[in-house]
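*Asks:* Quick one: sequence and predicted model below, then my questions.
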Amino acid sequence: MSKLKLTGKDLRGIGYPEGPVISVAMTVMQKHYKHEAKEDVMALLQKILAAPVEYENDAVLGLIAEKLIPKKDLLDGESISLNQSGIQFNVFGQEHIEEGAMHQMYQAAKLPVSVAGALMPDAHSGYGLPIGGVLATDNAVIPYGVGVDIGCRMCLSIFDINPKELTDKESYFARELGEATLFGSGAQFDRAANHDIMDHALFYTLPLLKHLHGRVWKQLGTSGSGNHFAEFGIIEVKEKDAVLGVPAGHYVGFLTHSGSRALGANIANHYTKIAISKRRLPQDAKNLAWLSLDEQEGIEYWNAMNLAGDYASACHHVIHDKIAKQLGRKPVKMVENHHNFAWKEIWEGREVIVHRKGATPAGKDVLGIIPGSMTADGFIVKGKGESASVNSASHGAGRKMSRTRAIASVTDKQFKEELKKFGVTLLGGGLDESPFAYKDINVVMQSQTALVDVVGRFTPKIVKMDGAKHRNWSKKERPDIVGE
DNA sequence: ATGTCC
């Protein structure tokens, strides 16, 4: 049985317009019509193009049809000016923050919907709101104020196991770590894990999510790429904190950092496009386009974002449950938090939408995790509820070097020596994620003593990240030779 | 961050 081969060129050839419909049509046909003859598929695609409204309610073809039906409200987006002067916002650790991130935050402060904001000491520039940016708005949600990896988060399990076992039985822990999750862009399991989240009604009602359901399911419990990791380390609790509730002592910790994989990325990109077409902002602020929580698309985004957050959480839980089962232990405590998300919160007596894009929630007595790097300690923190930071803290050390610069300026030898110096075993992981690429977490923590208390410390010992394997990459794309 | 339609 020959498999359907359909290209963007084929689609454009029969008159399909440039835009998302091309990829949607390719994905849909290759998934649901893969064994049909190409001429039949092309004829069907032509019919959909000629009369998309007739296919609008088709469970499968409706996905293509809806991209071909012009949406009136998308065609006449309103033009919006930024305010002359923005809201005041506080910057923590300003001396460490690059100019680009400051500029992005100034732009965000001038949005007509902005109420309050803050910049965390690990801030650096991103799309829309800077990474490390916190923005509270009035009844509006900014998809790129949350970020592409919706629900990117930390999860820590604390096991009452003597940390000496980590060094004594390193190969055992390394093997368990290797089997607990999958890394890599596009990584998915052949056999999907089970979790109630996959029964969520939105997967069956929102066209965008319908066609993602299968892939999203197989990605449950995977970790993705970039700065995502899973690691074993030593937890030190100096004295028992009432909220953390863990007695003073040393423990084995299992810490994960990952998000909502393809699900969140698709939701973010879909709704930011809608926001951008509905609200035309000046060029350098255009990625800050928002959706109102009173309009259909805003409500849809809000619900989908919450689903992506729950899914990201489920992914971590699948991984942590596996580890607990493999170790034959129940964690004495789990701590977890989103750091790319938006919440409805009360700020200075007023209901606002708080976007934290690379920022840890730090409301009064709220626990969170701020990781360091693969060799630097991370911290279990307890929020102080500081209004000046809109109840937030940093989400890590922050990058000091771009990926390209890290790859160009750090050698494998230096990298290996650094790992050895700290007694860290690394599985996967590239130069772009080496400790040299990150700011000093201790300096960052010093800049936010007013925001959080440290209630525990995590020292990484066995770290797993996406490998620098360059599987299908062309020479041009291989990061190890970028900058030659 | 994501297998980024060519």
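*Replies:* Ah, there it is. Numbering: from 1, shown residues only, chains lettered A, B, ... in the order given.
*Asks:* Show the contacting residues for the residue in the stretch 251-400 of chain A positioned nearest to DNA strand B.
*Replies:* Distances between the stretch 251-400 of chain A and DNA strand B by C-beta to the nearest atom of the strand are smallest at A:Ala262, namely 3.0 Å. All C-beta atoms are positioned from the backbone trio N, CA, C, and that covers glycine. Residues in contact with A:Ala262 (C-beta atoms under 8 Å, 6 or more residues apart in numbering) are A:186, A:212, A:215-216, A:219.
*Asks:* Likewise for A:Arg356?
*Replies:* With C-beta under 8 Å, 6+ apart, A:Arg356 has these contacts: A:134, A:338-343, A:392, A:395.
*Asks:* of all these, which comes closest to A:Met26?
*Replies:* Proximity of the contacts of A:Arg356 to A:Met26 was ranked by C-beta to C-beta; the top entry is A:Asn340 with 28.8 Å.
*Asks:* bridging residues for the closest one?
*Replies:* Beta bridges link A:Asn340 to A:Lys357, judged by DSSP bridges.
*Asks:* Model confidence at it, what's the number?
*Replies:* The model reports A:Asn340 with a pLDDT of 98.
*Asks:* near DNA strand B, which residues of the stretch 251-400 of chain A show up?
*Replies:* By C-beta under 7 Å from any atom of the strand, the residues of the stretch 251-400 of chain A that approach DNA strand B are A:258-259, A:261-262, A:265, A:268-269.
*Asks:* Give the PyMOL command for selecting the buried subset of these.
*Replies:* Applied in PyMOL, the following selects the buried portion of these according to 16 or more other C-beta atoms under 10 Å:
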select buried, chain A and resi 258+259+261+262+265+268
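*Asks:* Considering the residues of the stretch 251-400 of chain A next to DNA strand B, which is situated nearest to A:Glu56?
*Replies:* A:Glu56 lies nearest to A:Asn269 out of those, by C-beta to C-beta, at 22.5 Å.
*Asks:* Which positions within the helix or strand hosting that closest one qualify as buried?
*Replies:* A:Asn269 is part of helix A:261-278, with elements assigned from DSSP states H and E. With burial defined by 16+ other C-beta under 10 Å, the residues of helix A:261-278 counted as buried are A:261-268, A:270-272, A:274-276, A:278.
*Asks:* same question, stretch A:315-326
*Replies:* Quick answer for stretch A:315-326 (16+ other C-beta under 10 Å): A:315-324.
*Asks:* contacts for that stretch?
*Replies:* Counting by C-beta under 8 Å, 6+ apart, A:153, A:155, A:157, A:159, A:176-177, A:179-181, A:193, A:195, A:219-223, A:230, A:254, A:256, A:258-261, A:330-331, A:334, A:336 sit against stretch A:315-326.
*Asks:* Identify the residues contacting the closest residue to A:Val91 other than its chain neighbours.
*Replies:* Spatial nearest neighbour of A:Val91, chain neighbours left out: A:Leu119 (4.5 Å); criterion: C-beta to C-beta, 6 or more residues apart in numbering. Applying C-beta under 8 Å, 6+ apart to A:Leu119 gives the contacts A:89-92, A:94, A:97, A:101-102, A:105, A:130, A:132-134.
*Asks:* go again using 7 Å as the cut-off
*Replies:* Going by C-beta atoms under 7 Å, 6 or more residues apart in numbering, A:Leu119 touches A:89, A:91-92, A:97, A:101, A:105, A:132-133.
*Asks:* Counting only helices, which of those residues make the cut?
*Replies:* Assigned to helices by DSSP state H, the following of the contacts of A:Leu119 qualify: A:101, A:105.
*Asks:* what's the closest of the contacts of A:Leu119 to A:Pro52?
*Replies:* Checking the contacts of A:Leu119 one by one against A:Pro52 (C-beta to C-beta), the nearest turns out to be A:Gly133, at 39.0 Å.
*Asks:* In stretch A:352-371, which of the residues would be classed as buried?
*Replies:* Using 16+ other C-beta under 10 Å as the test for burial, stretch A:352-371 gives A:352-363, A:366-371.
*Asks:* so how far is the lengthiest helix in chain A off the chain centroid?
*Replies:* Criterion DSSP H: the longest helix present in chain A is helix A:296-327. Distance of helix A:296-327 from the chain centroid (C-alpha atoms, centre = their mean, to the nearest Å) equals 11 Å.
*Asks:* same check, this time on stretch A:212-222
*Replies:* Distance, centroid of stretch A:212-222 to centroid of chain: 15 Å (C-alpha atoms, centre = their mean).
*Asks:* near DNA strand B at all, it?
*Replies:* Yes: contact between stretch A:212-222 and DNA strand B, assessed by C-beta under 7 Å from any atom of the strand, occurs at A:215, A:219.
*Asks:* what residues does that stretch touch?
*Replies:* Residues contacting stretch A:212-222 (C-beta under 7 Å, 6+ apart): A:181-182, A:187-189, A:192-193, A:195, A:198, A:203, A:261-263, A:266, A:311, A:314-315, A:318-319.
*Asks:* Any idea how far apart the tips of that stretch sit?
*Replies:* Start-to-end span of stretch A:212-222 (C-alpha to C-alpha, to the nearest Å) is 15 Å.
*Asks:* So for it, what gets flagged as buried?
*Replies:* Within stretch A:212-222, the residues that count as buried by 16+ other C-beta under 10 Å are A:212, A:215-222.
*Asks:* A:His35: which of those is nearest?
*Replies:* A:Arg215 (19.5 Å).
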